[in-house]
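Participant: prediction below, plus the sequence it came from.
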Amino acid sequence: MDQDQTLFVSQESLDIALNHAKLGFWELDLVNTKMTCTPQCKINVGAEGWATVSYEDLIGNIIPEDREKMQADVAVAMSPGQGTYHSEYRVIHPDGALHWIEANGKVLYENGEPIRMVGTTLDITAKKDMEMLKDELLSTATHELKTPVTVIRGYLQLLHKFVQDSGDEKFTEISRKSLSAAERMTRLLQDISGPAGRKGDQLVLQKQPFDVHALLHEIVGSISIVSPTHSCHVKCSDPVFISADRDRISQVLINLLTNAIKFSPDSSGIDIMVDDMQDHIMISIRDRGIGLSGTEYAKVFEKYYRSESVINKIEGSGIGLYLSSEIITRHGGRIWAEQPEDKLGSRFVFTLPKP
């Protein structure tokens, strides 16, 4: 096989792969707004069969609600120090159907001036439809859970009063923790289902000073009751005070700890470390379970993302880490996942700023 034939086969394979992925390519001249598109790009943006597609044509195919956001994303990409373009918008296809498009690109410069943008388009309608379906199911499930949780909370209040009057300290503490967990679940359900817990698309935080060390021991004590096969070791001896939403941080810690237990069926040790820095605290939760692959560390906080290695093996919705990320980011902190030095299991880390 000669070199030309080898190149031909390689290009043919590339074309097949791109067609299968439905990935379209485009180029935009930023001086005269002339735009060139591959056939797949035209299909993606609702211009199949068109001889040419101009930038104005593209804007015209985008629904009015998304045009301003798309153009703002282009402007951001062209601003100094940026150069990377990303946008998601809806376009109208010839049959009247709405399609979600993900567009990515890069700005090319000449003598410091932006002259061209090159990039790709991808039809992500199926992904968006699945997300909206899951959101609807989550909303329905949350609504249906509110009534039974309210009933459980009422019975736990009666039980706690009865046990408290009996004078048994051990069972009084167990009933108190059970009632506290039910009350926390009630507040979280109210936040998810109603507008009171959100302002626009952002969580509303109820910040108060509290001791992280005390909160961790409270959560570990509750988890040890429902997961006696695992031991959580807290490496933090002194009080560490921060100002944050206690219920939300509890939600993050419970999610990370229950994940560590769930994904460590053959290992019982969970290490929790609190580092008190000058302007922030850092909390890490390390397990020795099945771990993540190299590419998954950057994906696990995406909404509804689930590792392919655990789908159909371990139950989950793919929303817990996404919500944890949203909570920590809203507090002004950072959250990430990393592989421990011995490459056993995973370590999840987040920071919270000090007041």
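Facilitator: In hand now; what should we look at?
Participant: where does residue 15 land on pLDDT?
Facilitator: At residue 15, the pLDDT value in this model is 59.
Participant: before we move on, what about residue 191?
Facilitator: Taking residue 191 on its own, its pLDDT is 64.
Participant: pLDDT-wise, which helix or strand of this protein ranks last?
Facilitator: strand 198-199 (a mean of 50; mean pLDDT, DSSP states H and E).
Participant: any regions of the stretch 151-300 of the chain where pLDDT drops low?
Facilitator: Across the stretch 151-300 of the chain, residues meeting the criterion (pLDDT under 70) sit at 190-203.
Participant: where do the helices sit along it?
Facilitator: Under the criterion DSSP state H, counting those that start in this stretch, the stretch 151-300 of the chain contains helices at 169-193, 212-226, 246-262.
Participant: could I get those as a markdown table with distance to residue 70 and mean neighbour count?
Facilitator: For the C-beta atoms, the positions are set from N, CA and C on the backbone; glycine is no exception. Output for these, formatted as a markdown table (distance: least, C-beta to C-beta, whole Å; neighbours: other C-beta atoms under 10 Å):
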| stretch | distance to residue 70 | mean neighbour count |
| --- | --- | --- |
| helix 169-193 | 30 | 16 |
| helix 212-226 | 42 | 16 |
| helix 246-262 | 33 | 21 |
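Participant: now those helices as TSV including distance to residue 237?
Facilitator: Listed next are the helices of the stretch 151-300 of the chain as TSV, based on distance: least, C-beta to C-beta, whole Å:
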stretch	distance to residue 237
helix 169-193	22
helix 212-226	8
helix 246-262	18
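Participant: of those, which is nearest residue 65?
Facilitator: Taking C-beta to C-beta, helix 169-193 is the member of those nearest to residue 65, at 25.0 Å.
Participant: list the helices and strands the closest one packs on?
Facilitator: Under the contact criterion of 3 or more C-beta pairs under 8 Å, 6 or more residues apart in numbering; DSSP states H and E, helix 169-193 touches helix 125-166, helix 212-226, helix 246-262.
Participant: which one of these lies closest to residue 187?
Facilitator: helix 246-262 (5.8 Å).
Participant: so the closest one versus helix 169-193, what angle?
Facilitator: 100 degrees (axes from the mean of the first three to the mean of the last three C-alpha atoms, to 10 degrees).
Participant: can you give the contact residues for helix 246-262?
Facilitator: 184, 187-188, 203, 205-206, 208, 210, 212, 215-216, 219-220, 223, 227, 230, 232, 270, 272, 283, 285-287, 289, 314, 316, 320-321, 323-324, 327-328, 331, 335, 346, 348, 350, 352 (C-beta atoms under 8 Å, 6 or more residues apart in numbering).
Participant: buried subset of these?
Facilitator: By neighbour count, with 16 or more other C-beta atoms under 10 Å, the contacts of helix 246-262 hold 188, 203, 205, 210, 212, 215-216, 219-220, 223, 227, 230, 232, 270, 272, 283, 285-287, 289, 316, 320-321, 323-324, 327-328, 331, 335, 346, 348, 350, 352 as buried.
Participant: count the residues that sit near residue 126.
Facilitator: 10 (other C-beta atoms under 10 Å).
Participant: kindly report the same for residue 342.
Facilitator: Considering only other C-beta under 10 Å, residue 342 is surrounded by 7 other residues.
Participant: let me know the secondary structure of it.
Facilitator: At residue 342 the chain is in coil, as set by DSSP: H, G, I helix; E, B strand; the rest coil.
Participant: same deal with residue 352?
Facilitator: Criterion first, three-state DSSP; result for residue 352: strand.
Participant: which strand residues bridge it?
Facilitator: residue 281 (DSSP bridges).
Participant: now it: how far from residue 57?
Facilitator: 48 Å (C-beta to C-beta, to the nearest Å).
Participant: again, but for residue 208
Facilitator: 54 Å.
Participant: check residue 114 too.
Facilitator: When residue 114 is compared with residue 57 (using C-beta to C-beta), they lie 21 Å apart.
Participant: please apply the same query to residue 25.
Facilitator: 16 Å.
Participant: over to residue 343?
Facilitator: Distance from residue 343 to residue 57, by C-beta to C-beta: 51 Å.
Participant: okay, those two: which has more neighbours?
Facilitator: residue 57 (16 against 7).
Participant: residue contacts, that one?
Facilitator: 35, 47, 50.
Participant: what's the burial count for the last one?
Facilitator: The reference is to residue 50. Residue 50, neighbours per other C-beta under 10 Å, totals 14.
Participant: paired strands for the longest strand belonging to the chain, with orientation please.
Facilitator: The strand spanning the most residues in the chain, taking DSSP state E as the definition, is strand 98-110. Strand pairing for strand 98-110, using DSSP bridges, gives strand 84-92 (antiparallel), strand 113-123 (antiparallel).
Participant: so for the shortest one, what's the average pLDDT?
Facilitator: Spelled out, it's strand 84-92. Here the average pLDDT along strand 84-92 is 94.
Participant: can you show me the CA trace of it as PDB?
Facilitator: C-alpha atoms of strand 84-92 as PDB (Å, rounded to 0.1, in the frame of the first residue of the first chain):
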ATOM      1  CA  THR A  84     -11.700  30.000  23.800                       C
ATOM      2  CA  TYR A  85     -15.300  29.900  22.700                       C
ATOM      3  CA  HIS A  86     -18.000  27.800  24.300                       C
ATOM      4  CA  SER A  87     -21.800  28.200  23.900                       C
ATOM      5  CA  GLU A  88     -25.000  26.200  24.100                       C
ATOM      6  CA  TYR A  89     -28.100  27.300  22.200                       C
ATOM      7  CA  ARG A  90     -31.200  26.100  20.500                       C
ATOM      8  CA  VAL A  91     -31.800  26.200  16.800                       C
ATOM      9  CA  ILE A  92     -35.000  25.700  14.700                       C
END
